[in-house]
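S.K.: Sharing a sequence plus its predicted fold:
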Amino acid sequence: MNNVLMVSYYFPPFADVNVVRVKKHCKYLPEYDWQPWVISVDARYYKDKVVDDLDDIRDTKIFRVPYYSLPGMIFLVKLFFPIIVAAFTLRNKSTINAVYMTGSPFHPFLLTSLFTGLFNIPTILDFRDSWSFNHGYDGRKAERLRDQVREFLFKPLEKLSIKFASKVIFSTFILQKEYSNEYPKYKNKFTTITNGFDPDDFLSIKPKRIVENKSLILTGKFKMYTPEVVAGLFEALKRLNQFKFIYVGSEHKDIVDLAKTYRVEDCVVSLPYQRYSESLDLIAGADYAMMTTGMVNGTGTKIFDYLALRKPTICFVPKGSIIKLQFDDIDQVVIQESPHTQTSILQGLEKL
């Protein structure tokens, strides 16, 4: 069996959706004669953003950067993570057959020039999102000075990483198309592996109903991508009798505060990030589901969970979104494109 080193700063038990892809790779690669080794960091570098969700990968060999309780250590570990990865890989060069890299901080991508360019170790880059040229998640060009500086610095580094990579994976075909237009010279090494759902996760669902009223659930990011939908939804809740909104995710505290601001505390139940199995139980126990995104090229993972559990789902997306292209013909899906106003949000909920 071949060994593949999975480079992922964020990895379970980190409590966020961006660990799902690499976790599922680790689960299923052994079926194809590839044994994953993971290099990540001690969970204490994630502070309190941790949840025990290692069920699929308890047998995976994981190497973690040790924890040191010193001022500024999180910043230093992020900064020097590529050097640590390089040292580990070169020390184990004889037993590592390929290196897979994903996620933030994405500067380890630069190691393709060392691993593949110099030492002939095949490298795979996995782009969950676009990094250097997508500002504000909707494809617009850099306007703020910070974004312009970021693009000036990161874009050449990203191009160098792609140049030497053996293969580049994208989570959607629109994302692949964007990068093909940006880097046409390297498009032959691009491919798409979409998100989806793992049938094993749905074998022991125990629907958990936490409100008596009809309920609409959203798991994952909400305020970060579409703050205007948060405002519009909370205003709409005042007009929807006997209806509850359930939020589950890392923005839990923000949603609690916003519910107070809009005076809809009685209509909102906000829970912190849960184990994946517990989130699925909560979705199964709700009546309707909701997702939002500001990304034209992104699908995320939650819509697949909603559809696997057969929940009528409303999606608030930007114009031209891949969500509309891929899911608009499904009867149980209602898609509302931007601009998102209080009126359009209410109309979308009535359709749902």
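M.R.: Yep, it's here.
S.K.: need the strands for the stretch 151-300 of the chain, in chain order.
M.R.: 167-170, 190-192, 214-219, 243-248, 268-271, 288-292 (DSSP state E, counting those that start in this stretch).
S.K.: quick one: contacts of the third one?
M.R.: So the one you mean is strand 214-219. Taking contacts as C-beta atoms under 8 Å, 6 or more residues apart in numbering, the residues outside strand 214-219 that touch it are 209, 242-249, 279, 282-283, 285-292, 302, 305, 311, 314, 349, 352. C-beta: built from backbone N, CA, C; applies to glycine.
S.K.: Return the most buried member of the strands of the stretch 151-300 of the chain.
M.R.: When the strands of the stretch 151-300 of the chain are scored by mean count of other C-beta atoms under 10 Å, the highest mean neighbour count falls to strand 288-292 (a mean of 26).
S.K.: Hmm, residue 109 is touching residue 159, no?
M.R.: No. Counting by C-beta atoms under 8 Å, residue 109 stays clear of residue 159, with 10.5 Å between them.
S.K.: if you count what's nearby, which of those two comes out ahead?
M.R.: Between residue 109 and residue 159, residue 109 has the larger neighbour count (other C-beta atoms under 10 Å), namely 27 against 14.
S.K.: And the pLDDT at that one?
M.R.: Per-residue pLDDT puts residue 109 at 90.
S.K.: Can you give me the neighbour number for the residue nearest to it when sequence neighbours are not counted?
M.R.: Nearest non-adjacent residue to residue 109, counting by C-beta to C-beta, 6 or more residues apart in numbering: residue 161, 3.8 Å away. Using other C-beta under 10 Å, residue 161 has 24 other residues around it.
S.K.: Low-confidence bits of the chain, can you list those?
M.R.: 105, 132-143, 146-147 (pLDDT under 70).
S.K.: if we can go back for a sec, let me know which of the strands of the stretch 151-300 of the chain is the nearest to residue 40.
M.R.: strand 167-170 (18.9 Å; C-beta to C-beta).
S.K.: what's the closest one packed up against?
M.R.: Other helices and strands packing on strand 167-170, by 3 or more C-beta pairs under 8 Å, 6 or more residues apart in numbering; DSSP states H and E, are strand 123-127, helix 173-182, strand 190-192.
S.K.: Can you list the buried residues in stretch 194-214?
M.R.: Within stretch 194-214, the residues that qualify as buried are 195, 197-198, 201, 211, counting by 16 or more other C-beta atoms under 10 Å.
S.K.: The strand or helix carrying residue 38 - contacts with which helices or strands?
M.R.: Per DSSP states H and E: residue 38 is located in strand 34-41. Where contact means 3+ C-beta pairs under 8 Å, 6+ apart, strand 34-41 is packed against strand 2-7, helix 20-28, strand 61-65, helix 73-91.
S.K.: Of the ones you listed, which is nearest residue 322?
M.R.: The nearest among the helices and strands packed on strand 34-41, by C-beta to C-beta, is helix 20-28 at 16.3 Å.
S.K.: now the closest one against strand 61-65, angle please.
M.R.: Angle, helix 20-28 to strand 61-65, by axes from the mean of the first three to the mean of the last three C-alpha atoms, to 10 degrees: 140 degrees.
S.K.: Buried ones in helix 20-28, by neighbour count?
M.R.: Using 16+ other C-beta under 10 Å as the test for burial, helix 20-28 gives 20-27.
S.K.: Adding distance to residue 82, write those out as CSV.
M.R.: Below are the buried residues of helix 20-28 laid out as CSV (distance: C-beta to C-beta, whole Å):
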residue, distance to residue 82
20, 23
21, 20
22, 17
23, 22
24, 24
25, 20
26, 21
27, 26
